[in-house]
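>>> Provided below are the primary sequence and the corresponding predicted coordinates.
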Amino acid sequence: RFLAIGDTNPTLGPATGNVLARTLPLSPDFIVHVGDIQYYDSTVETWGSWFPVMQPMLSAGAFFPAIGNHEAETATEYADYVVRFFGGAGFDGPMAADAQDQFYRYTSGGVWFFVLDTELPLDATSDQAIWLDHELADATTQAGYRFSIVYFHKPFVTCGDTADNIPARAVFEPMFTKYKVPLVIQGHMHGYERFTFPGLTYITAAGGGGALGDVSQNVARPECSSRTTFGRFYSATVFDIGSAIHGVTIDDSGTTQDTFDIAIP
């Protein structure tokens, strides 16, 4: 069982704390964060107020964040906070000292998790594309391997008021198909979306407390015909891995906004 949340900003109000209060009692084994851990561009110094609110989450289990666009808003923030507190979350990412912890992988219970950094290049010749193709293949050879999950910050697919990334989909979705990745989790579009494509589900888990956006501003995009569930609400999603991937999305009032099952390939 793991919890997925993104775009957490306790300084805007009680939403972040309320979401955690409604979901952490389900006892996730670890936390997947899809980026924008906090926001320096808020009206106060947000790291100082972030830790007290997030303490219950950090105490719940291992914390595996993706890198968002708000992780380096000052010259030293990335090193002073992100790498200092959360560096070394996984393994087998870039080895250069100035690129540590930007993308990585880890495994739990035979499920392999791959974390990308959408602030870095994502074209077919990029370090990340080459790395992911190699590491997805390698995971399939490991003892106890079941399947892989990929997550990152800026969405590849969304109907909302942020940009999608059609070129990245063209690069990475063939890998998802080749290695039978059933689930991709993304952030940045403040709200909730679930897209169901053949063999692949995208979840936008970006309702962690940032100012809510318009998740339906661009419903004319072709991919929106595959959007199953959506909403402009604060939430987190809890995933249970059993004979299938079972998900439940719970908002800041404790209301279940979505439940779903994804077949394991």
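Nice, thanks for sending it over.
>>> how much space between the residue nearest to the spatial centre of the chain and residue 128?
For the chain, the residue nearest the mean C-alpha position is residue 34 (2.7 Å; C-alpha atoms, centre = their mean). Look at residue 34 and residue 128: by C-beta to C-beta, to the nearest Å, they are 16 Å apart. Heads up, the C-betas are built off the backbone N, CA and C, glycines and all.
>>> got the contact list for the residue nearest to residue 77 when sequence neighbours are not counted?
Distance criterion C-beta to C-beta, 6 or more residues apart in numbering; nearest residue to residue 77, sequence neighbours excluded, is residue 40 at 6.3 Å. Contacts for residue 40 (C-beta atoms under 8 Å, 6 or more residues apart in numbering) come out as 46, 47, 70, 73, 74, 77.
>>> With residue 236 instead?
3, 4, 5, 19, 20, 22, 23, 205, 207, 208, 249, 250.
>>> Beta-bridge partners for it, please?
Under DSSP bridges, the beta-bridge partners of residue 236 are residue 250.
>>> which residues in this protein form strands?
2-5, 30-33, 62-65, 104-108, 111-115, 147-151, 183-186, 192-197, 200-205, 227-231, 235-241, 244-251, 256-263 (DSSP state E).
>>> Parallel or antiparallel, list what pairs with the second one.
Right, the one you point to is strand 30-33. strand 2-5 (parallel), strand 62-65 (parallel).
>>> Quick check: closest non-adjacent residue to residue 57.
Nearest non-adjacent residue to residue 57 (C-beta to C-beta, 6+ apart): residue 20, at 5.3 Å.
>>> Can you report how many residues neighbour the one you found?
Neighbours of residue 20 under the rule other C-beta atoms under 10 Å: 25.
>>> Could you give the backbone dihedrals for the residue of the chain positioned farthest from its centre?
Residue farthest from the centre of the chain, counting by C-alpha atoms, centre = their mean, is residue 143 at 25.8 Å. Dihedral angles of residue 143 (phi, psi; degrees, to the nearest 10) stand at phi -60, psi 130.
>>> if I look at residue 184, how far off is residue 169?
Relative to residue 169, residue 184 is positioned 10 Å away (C-beta to C-beta).
>>> higher neighbour count, these two?
residue 184 (25 against 19).
>>> what touches both of residue 184 and residue 169?
With C-beta under 8 Å, 6+ apart, residue 184 and residue 169 have common neighbours residue 156.
>>> Wait, residue 228 touches residue 196, no?
Yes. Look at residue 228 against residue 196 with C-beta atoms under 8 Å: they come within range, at 4.8 Å.
>>> what ranges do the helices span in this protein?
15-23, 46-60, 77, 84-86, 127-139, 166-178 (DSSP state H).
>>> List the buried residues for the second one?
For helix 46-60, the neighbour count (16 or more other C-beta atoms under 10 Å) marks 46, 50, 53, 54, 57, 60 as buried.
>>> And for the fifth one?
For helix 127-139, burial by neighbour count (16+ other C-beta under 10 Å) applies to 127, 128, 129, 131, 132, 133, 135, 136, 139.
>>> can you check the first one too?
Of the residues in helix 15-23, those with enough neighbours to count as buried (16+ other C-beta under 10 Å) are 15, 16, 17, 18, 19, 20, 22, 23.
>>> hang on, isn't the second one packed against residue 8?
In other words, residue 16. Yes. Under the criterion of C-beta under 8 Å, residue 16 makes contact with residue 8 at 5.0 Å.
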